[in-house]
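Asks: here is a sequence with its predicted model. Questions after.
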Amino acid sequence: MQYALIIHEAPHAYDGLSDDEQKAITAEYLAIRDDRRVVGGARLGPVDVTSTVRVAGGETLVTDGPFADAKEAFGGYYMLEADDLDAAIEIASRVPAARMGGAVEVRPVVTYRP
């Protein structure tokens, strides 16, 4: 089964960390990316260059910033193949954001076949 691991980062989670600490955290993310069960994923750009698009009454409305009104920001994701939810949770627990004030949402991917 495929699962999406949706990474929510705490604002300023990296503030105050040394270059070596930041490099170590990046290495953790790359190690997860290299897990054979991970089939895709990406880090997203910062929220200050994010736009949200809505269409109301046939008019396109664009606002600055992410849509969600939350403490954490959607920072990236992994797509993975896992035998079950427990396996997906094991990988999610390795994501640094989960221990740095953020969270990782584990969601099954629904595929539609015609």
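Replies: In hand now; what should we look at? This is a predicted model, so every value here is computed, not measured.
Asks: going by C-alpha atoms from here, please, whenever you check contacts or count neighbours.
Replies: Fine.
Asks: can you list phi and psi of Val49 for me?
Replies: Main-chain torsions, Val49, degrees, to the nearest 10: phi -120, psi 20.
Asks: and it, how many neighbours?
Replies: 9 (other CA atoms under 10 Å).
Asks: so that it lines up with my notes, have the first residue be 754 from now on.
Replies: Sounds good: first residue 754 from here, last item Val802.
Asks: and it, what's its pLDDT?
Replies: Note for Val802: predicted pLDDT of 78.
Asks: same deal with Val792?
Replies: At Val792, pLDDT is 95.
Asks: check Val859 too.
Replies: 93.
Asks: likewise Val815?
Replies: 84.
Asks: what number of residues lie near it?
Replies: Residue crowding around Val815 was assessed by other CA under 10 Å; the count is 11.
Asks: helix/strand/coil for Leu770?
Replies: Put simply, Leu770 is coil when judged by DSSP: H, G, I helix; E, B strand; the rest coil.
Asks: strands along this structure, start to end?
Replies: In the chain, the segments counted as strands under DSSP state E are 755-762, 791-796, 804-809, 812-817, 826-834, 856-861.
Asks: show me which residues of the first one are buried.
Replies: This means strand 755-762. The neighbour-count criterion (16 or more other CA atoms under 10 Å) identifies Gln755, Tyr756, Ala757, Leu758, Ile759, Ile760, His761, Glu762 as the buried residues of strand 755-762.
Asks: relative to Arg789, how far out is the closest residue to the second one other than its chain neighbours?
Replies: Nearest residue to Tyr756 in three dimensions, chain neighbours excluded: Pro861, at 4.3 Å (CA to CA, 6 or more residues apart in numbering). To Arg789, Pro861 is 18 Å away according to CA to CA, to the nearest Å.
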